[in-house]
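**Student:** need a 3D model of the sequence below.
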Amino acid sequence: CPFFFLIQELLRVMRTIDDRIVHELNTTIPTASFVGKVDAGQTCKELYESLMNAHTNRERIIKNCIAQTSSVVKTLREEREKAQDDVALLKQLRKEQTKLKLMQSELNVEEVVNDRSWKVFNERCRIHYKPPKSQ
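**Tutor:** This is a model prediction of the structure:
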């Protein structure tokens, strides 16, 4: 993941759907007095699919970055064992280890964001739409 900070910005933008879920539900799911005017089941289904897609894509990006960075860290560790006096190599190793820890933290952030979104989704859509059992 050579462009770590761009990845973080991309994740922030991709989390917009989760950040706006309450607003989205408030503006699209009808209250009792407007029940006949909007197809709440279809709206919830579309929102469910959007959330699933967003969560899957973000998780894939994060895990891909973790795998790439882990590989770089492993290689640098092996090189470091051969050249223990190489200060530049040590700095690069530490930099990559820090990046790896930050990406692992992003995975934790992702879990919290997803849990919050699903809780809100389920509170508002449970009577209108039943998601497949995979969630």
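**Student:** please name every helix or strand in contact with the helix or strand hosting Lys74.
**Tutor:** Here Lys74 sits within helix 40-82, counting by DSSP states H and E. If contacts are counted by 3 or more C-beta pairs under 8 Å, 6 or more residues apart in numbering; DSSP states H and E, helix 40-82 sits against helix 4-14, helix 16-19, helix 21-28, helix 87-125. Glycine gets a C-beta too; all of them are placed from N, C-alpha and C.
**Student:** same list (the ones you listed) but as TSV, adding mean neighbour count and distance to Ala67.
**Tutor:** Formatted as TSV, those follow (neighbours: other C-beta atoms under 10 Å; distance: least, C-beta to C-beta, whole Å):
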stretch	mean neighbour count	distance to Ala67
helix 4-14	14	13
helix 16-19	16	24
helix 21-28	15	29
helix 87-125	15	10
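**Student:** before we move on, back to that, distance from the helix holding Lys74 to the middle of the chain?
**Tutor:** Its chain's C-alpha centre and that of helix 40-82 lie 7 Å apart, by C-alpha atoms, centre = their mean, to the nearest Å.
**Student:** same deal with stretch 5-16?
**Tutor:** 9 Å.
**Student:** ok, and what's touching it?
**Tutor:** Cys1, Ala54, Asn57, Arg58, Ile61, Ile62, Cys65, Leu102, Met103, Glu106, Glu110, Val113 (C-beta atoms under 8 Å, 6 or more residues apart in numbering).
**Student:** please repeat the previous calculation with a cut-off of 10 Å.
**Tutor:** For stretch 5-16, the external contacting residues (C-beta atoms under 10 Å, 6 or more residues apart in numbering) are 1, 3, 19, 54-55, 57-58, 61-62, 64-65, 99, 102-103, 106, 109-110, 113-114, 117.
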